[in-house]
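sequence first, predicted coordinates after that:
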Amino acid sequence: CFGQSNDKIPRVTVINPVQQTLVYRLPAKPAEILAAQEAIIYARTSGYLDQISVDIGDQVEKGQVIAVLDTPELTDELRRAEAQLLESRASLRAAQAQADGGTAQLAAAKASHLQAAVGIVQAQAELRKAQAELTAQKIQTERIRGLHHQDAATDAQLEAADRDYLQAEGEVEVRNAALESTTARAGAAEAKIGVAQADLESRVSLVAVAEAAIAVTNARVDHAKTMLGYASIRAPFAGVITDRYLDLGAAVVTASSSKNTAIVSIKDLSSLRIYVQIPEPDIPYIDKGHAAEVTCSAYPNRIFQGVVSRISRDLDRRTRTMKIEILLENKEGQIYPGMFATVNFDLIERKDAWTLPAQALLGSKGDYHVYCVVDGVCVAVPIKIGLDDGGTVEIIEGLNGDEKVILIGKGLIQRGDRVIAVGSNP
């Protein structure tokens with residue numbers, strides 16, 4: 001090597017490692033574009049298409065009426081339910097009137113019972129008074145009889161005392177009879193209370209039945225109104241009518257039927273969902289919120305910015321890829337579902353990284369080195385690499401930036417050969 005003459009010493013092109021920001025980009029992936037929301041609109045009730053206010057391409061707002069059905073059966077059902085409701089309310093008023101009458105009868109029976117109870121108290125008082133008077137008269141009669149035996153009282157006085165005693169006995173019997181009669185009236189009044197209470201409970205139960213009938217009829221009216229409200233078909237969200245399936249007069253069958261009828265299709269294009277499959281080795285570098293660049297064949301010179309919104313967390317066993325959803329704002333409405341698109345990701349970014357062109361490397365994967373010119377001699381320097389985008393390679397170990405790395409001419413020399421360095425940094 002050291003015996004080479006100057007005219008035979010090979011010339012090699014050298015460069016210095018360059019410090020720069022290196023970005024590893026995932027190769028462009030084909031993507032599927034879908035609307036953020038889309039729905040085929042069916043009717044919740046059956047009828048005939050009476051009005052339709054939209055057609056393909058029309059913009060609609062959330063809640064806007066897009067079609068109206070003619071539903072005569074539902075109108076008749078609502079009328080019948082409302083008539084039955086009026087009848088049920090009349091029955092309730094009648095039942096409440098009867099219940100009020102039962103309440104009055106119960107009150108009257110309780111008043112009669114109270115009056116009888118007061119009469120019993122009075123009869124008992126009068127009986128005690130008569131019994132006291134009888135006792136006193138008995139004592140008086142016995143005293144006069146004793147005096148009569150002693151010739152201290154006349155026959156007339158004894159006879160008068162006996163009459164008074166008999167009269168007192170009769171008064172006690174009368175008061176006893178009055179007490180028994182009053183007690184019997186009280187018992188009858190109490191029995192009437194029981195009858196009135198039972199009658200009132202029966203009438204109150206009729207009120208409950210009438211109220212239940214009103215509740216059932218109200219439910220029927222509400223149901224009929226709800227079903228009639230479904231005759232006006234509204235947009236579930238703001239969007240664009242992308243298809244129309246029926247014309248005026250067409251029979252519309254409810255969505256719950258096996259022969260349901262679609263009316264229109266609507267899609268929300270204000271934002272789009274873009275689906276792309278990511279290879280298994282690149283999955284760890286992507287998470288929710290990751291930026292994505294979307295290009296469409298219809299706009300080859302434009303890049304649209306999206307954001308990863310969902311990750312399936314499940315790999316397809318056949319392709320070993322994972323589905324990623326990207327949310328793309330489409331306020332200008334330039335992108336449409338079904339367009340062919342590709343997606344690019346910047347997966348890793350390294351700032352101030354030492355880099356070399358990939359063609360400067362020698363060796364195989366895991367065992368790389370470069371040729372450097374040191375004092376005019378070719379020296380092999382082992383290196384370790386990081387990111388590799390196919391054109392530029394990150395050098396993470398082995399070089400410090402001031403080396404003269406041979407870029408062109410490596411195939412003409414071996415380590416230890418004398419060389420002449422030329423290039424940007426000879």
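Yep, it's here.

please make it C-alpha for all contacts and neighbour counts, starting now.
Noted.

can you tell me which residue is spatially central in the chain?
Centroid-nearest residue in the chain, with C-alpha atoms, centre = their mean: Pro236, separated by 16.1 Å.

sec struct for the closest residue to Ala153 other than its chain neighbours, please.
Closest residue in space to Ala153, ignoring its immediate chain neighbours: Leu147 at 5.3 Å, by C-alpha to C-alpha, 6 or more residues apart in numbering. Secondary structure, DSSP: H, G, I helix; E, B strand; the rest coil: Leu147 is helix.

relative to Glu38, how far out is Leu147?
Applying C-alpha to C-alpha, to the nearest Å, one obtains 126 Å for the distance of Leu147 from Glu38.

between the two, who's got more neighbours?
Glu38 (18 against 15; other C-alpha atoms under 10 Å).

quick revisit: please, which helix or strand holds the residue nearest to the centre of the chain?
Here Pro236 sits in a region with no helix or strand, counting by DSSP states H and E.

which residues does it contact?
In this structure, Pro236 makes contact with Lys62, Gly63, judged by C-alpha atoms under 8 Å, 6 or more residues apart in numbering.

I'd like to know how far it sits from Leu158.
According to C-alpha to C-alpha, Pro236 and Leu158 sit 115 Å apart.

show me where this protein has helices.
In chain order, the chain shows helices spanning 72-149, 155-229, with DSSP state H as the criterion.

turn those helices into a markdown table, columns for mean pLDDT and distance to Lys404.
Formatted as a markdown table, the helices of the chain follow (pLDDT from 0 to 100; distance: least, C-alpha to C-alpha, whole Å):
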| stretch | mean pLDDT | distance to Lys404 |
| --- | --- | --- |
| helix 72-149 | 86 | 90 |
| helix 155-229 | 86 | 82 |
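
rebuild those as a markdown table, extending it with distance to Ala358.
As requested, these are arranged in a markdown table below (distance: least, C-alpha to C-alpha, whole Å):
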| stretch | distance to Ala358 |
| --- | --- |
| helix 72-149 | 77 |
| helix 155-229 | 70 |
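
stretch 77-97: which residues count as buried?
Neighbour-count burial for stretch 77-97 flags 77-78, 81-82, 84-85, 87-89, 91-92, 95-96 (criterion: 16 or more other C-alpha atoms under 10 Å).

ditto for stretch 228-239
Leu228, Tyr230, Ala231, Ser232, Ile233, Arg234, Ala235, Pro236, Phe237, Ala238, Gly239.

now swap in stretch 113-129 and tell me
Within stretch 113-129, judged by 16+ other C-alpha under 10 Å, the buried ones are His113, Ala116, Ala117, Gly119, Ile120, Ala123, Gln124, Glu126, Leu127.

from Ala212, how far off is the third one?
Just to be clear, that refers to Ala117. With C-alpha to C-alpha as the criterion, Ala117 and Ala212 are 41 Å apart.

re the thing from before, out of the buried residues of stretch 77-97, which one sits closest to Glu171?
Using C-alpha to C-alpha, Gln96 is the member of these that lies nearest Glu171, at 51.0 Å.

isn't the closest one right up against Val207?
Yes: the pair Gln96 and Val207 qualifies as a contact (C-alpha atoms under 8 Å) at a distance of 5.9 Å.

can you count the residues close to Ala189?
The burial count for Ala189: 22, using other C-alpha under 10 Å.

ok, now how distant is it from Lys110?
Ala189 sits 7 Å away from Lys110 when distances are taken as C-alpha to C-alpha.

do Asp316 as well
According to C-alpha to C-alpha, Asp316 and Lys110 sit 85 Å apart.

tell me which of the two has more neighbours.
Lys110 (18 against 12).

list the contacts of that one.
With contacts defined as C-alpha under 8 Å, 6+ apart, Lys110 is in contact with Ala189, Glu190, Ile193.

could you do Gly409 as well?
Arg11, Val12, Thr13.

just curious, which of the residues you listed is nearest to Gly289?
Minimum distance to Gly289 across the contacts of Gly409 is 44.3 Å, recorded for Thr13 (C-alpha to C-alpha).

the residue nearest to Ala153 contacts Ala161, doesn't it?
No: under the criterion of C-alpha under 8 Å, Leu147 lies out of contact with Ala161, with a separation of 11.8 Å.

one step back: export the contacts of Gly409 to a markdown table and tack on distance to Ser53, pLDDT and neighbour count?
As requested, the contacts of Gly409 are arranged in a markdown table below (distance: C-alpha to C-alpha, whole Å; pLDDT from 0 to 100; neighbours: other C-alpha atoms under 10 Å):
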| residue | distance to Ser53 | pLDDT | neighbour count |
| --- | --- | --- | --- |
| Arg11 | 80 | 90 | 18 |
| Val12 | 77 | 91 | 22 |
| Thr13 | 74 | 91 | 19 |
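
return the closest of these with respect to Thr321.
When the contacts of Gly409 are ranked by distance to Thr321 (C-alpha to C-alpha), Thr13 comes first, at 42.6 Å.

that closest one contacts Leu412, correct?
No: Thr13 is not in contact with Leu412 according to C-alpha under 8 Å; the separation is 11.8 Å.

so what touches stretch 99-108?
Ile193, Ala196, Gln197, Asp199, Leu200, Arg203, Val204, Val207.

wait, what's in contact with the third one?
So that's Gln197. Gly102, Leu106.

let's see that with 10 Å instead.
Taking C-alpha atoms under 10 Å, 6 or more residues apart in numbering as the criterion, Gln197 is in contact with Gly102, Thr103, Gln105, Leu106, Ala107, Ala109, Ala191, Arg203.
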